[in-house]
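Sequence and predicted model, in that order:
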Amino acid sequence: MFCQHLQELLGAERQEPPFVAIVANGPSGDFNNINFRNPPPPKAAYEQMRFVAENVASKGHAAIGKSAYRSDGALAARYREPVTAW
């Protein structure tokens, strides 16, 4: 749903090579938006999934509009073990 909506926002349907949108949930945060303490009323099948996908794609599309293309760029990564108390 996310990929399809971003493709539509960018006007990238039916191009060659095909457009591929990617979202990485793990390093980008948790998309789980369910409030387990105060559950919302039931929704139609896939309604919330579509809402979240379109919302995230729209925000991504807005960010793309503010970015500048660069042919070079530095990549970096960080890693740390989380401290948990059991």
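Noted; the coordinates are in hand.

Show me the shaky parts of this structure.
Along the chain, the model assigns pLDDT under 70 to residues 24-32.

can you give me the helices for it?
With helices called from DSSP state H, the chain shows them at 2-10, 25-28, 47-66.

winner for burial among these?
helix 2-10 (a mean of 17; mean count of other Cβ atoms under 10 Å). Yep, even glycine has a C-beta here, placed from its N, CA and C like the rest.

Mind listing residues that contact it?
For helix 2-10, the external contacting residues (Cβ atoms under 8 Å, 6 or more residues apart in numbering) are 13, 19-23, 53-54, 56-58, 60-61, 64.

Same list, those residues, but as a markdown table with distance to residue 72 please.
What follows is these, written out as a markdown table (distance: Cβ to Cβ, whole Å):
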| residue | distance to residue 72 |
| --- | --- |
| 13 | 30 |
| 19 | 23 |
| 20 | 22 |
| 21 | 23 |
| 22 | 21 |
| 23 | 24 |
| 53 | 32 |
| 54 | 33 |
| 56 | 28 |
| 57 | 27 |
| 58 | 29 |
| 60 | 22 |
| 61 | 24 |
| 64 | 19 |
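
What separation is there between residue 71 and residue 48?
39 Å (Cβ to Cβ, to the nearest Å).

Likewise for residue 21?
20 Å.
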